[in-house]
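Asker: below: sequence and its predicted model.
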Amino acid sequence: MKSRSISLFSATLSIWLAIGICSGKAFGQGTTVPNAISSASARNQLAYLTPSLSLQSAREVAMAAFQAKHYETALEQFKMISQSAGATLDDLYWIGESYFHLRRFNEAAKSFEEVVDRNPRAESVKIRVVQSYMSSNQSQVAKQKCSEYLVAVSDPGMKQQLSLLSTYCDCDTNKRVLKNTVQRGLER
């Protein structure tokens, strides 16, 4: 009997929260919530309704924000999702993509590397790691990752892409060395 009353209370609370959020007066704040994407408080409140429903809703909001090029909103949403019990590696991947599109390449690389660490067979994500380091002007690190991943990947297309990226890293490094040498010569 006790578990039934707890269940009933939980269901009533969820309905009350849903009504409050939909009416724009969640938790007695009296604020109007124009839409879920533009309101951080609404996103946070939606996450507490029911775990599976809210997690799926949160993913839909995050993807809609990403597709609308609202990368900061998508990043916040995917970060929130990644802290939940139902988080997946896909959520972490989209954190990396959001960082990448925000031009926060070091953070993107770290997110992509975490995906690779947790799933070494995520071969396409290895390309994103290298691209992130290249975009952050870290050609040496990108080259090192290319070498590491070339040994580990099995897909011929991925091997070819990594080989091309490795060659580009070499050219980029040589170009930087030449530029620095010329600049030092001009300063003398």
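Answerer: Received, thanks.

Asker: only C-alpha atoms from now on, for both contacts and neighbour counts.
Answerer: Fine.

Asker: check contacts around residue 155.
Answerer: By C-alpha atoms under 8 Å, 6 or more residues apart in numbering, the residues touching residue 155 are residue 123.

Asker: got phi/psi on it?
Answerer: For residue 155, the backbone dihedrals are phi -70, psi 120 (criterion: degrees, to the nearest 10).

Asker: pLDDT weak spots in the chain?
Answerer: 1-53, 172-188 (pLDDT under 70).

Asker: so which residues of it form helices?
Answerer: 2-23, 40-46, 51-67, 71-82, 89-101, 105-118, 123-135, 139-152, 156-187 (DSSP state H).

Asker: got the buried residues for the fifth one?
Answerer: Read that as helix 89-101. Buried residues in helix 89-101, counting neighbours by 16 or more other C-alpha atoms under 10 Å, are found at 89, 91-101.

Asker: can you tell me which of these lies closest to residue 124?
Answerer: Residue 124 has its nearest neighbour among the buried residues of helix 89-101 in residue 93, at 11.0 Å by C-alpha to C-alpha.

Asker: tell me how far the nearest residue to that closest one once chain neighbours are set aside lies from residue 171.
Answerer: Nearest-residue entry for residue 93: residue 112, 6.0 Å, with adjacent residues in sequence omitted and distances by C-alpha to C-alpha, 6 or more residues apart in numbering. Distance from residue 112 to residue 171, counting by C-alpha to C-alpha, to the nearest Å: 24 Å.

Asker: ok, these two, which is more surrounded?
Answerer: Neighbours were counted for residue 112 and for residue 171 using other C-alpha atoms under 10 Å; residue 112 has more, 27 against 13.
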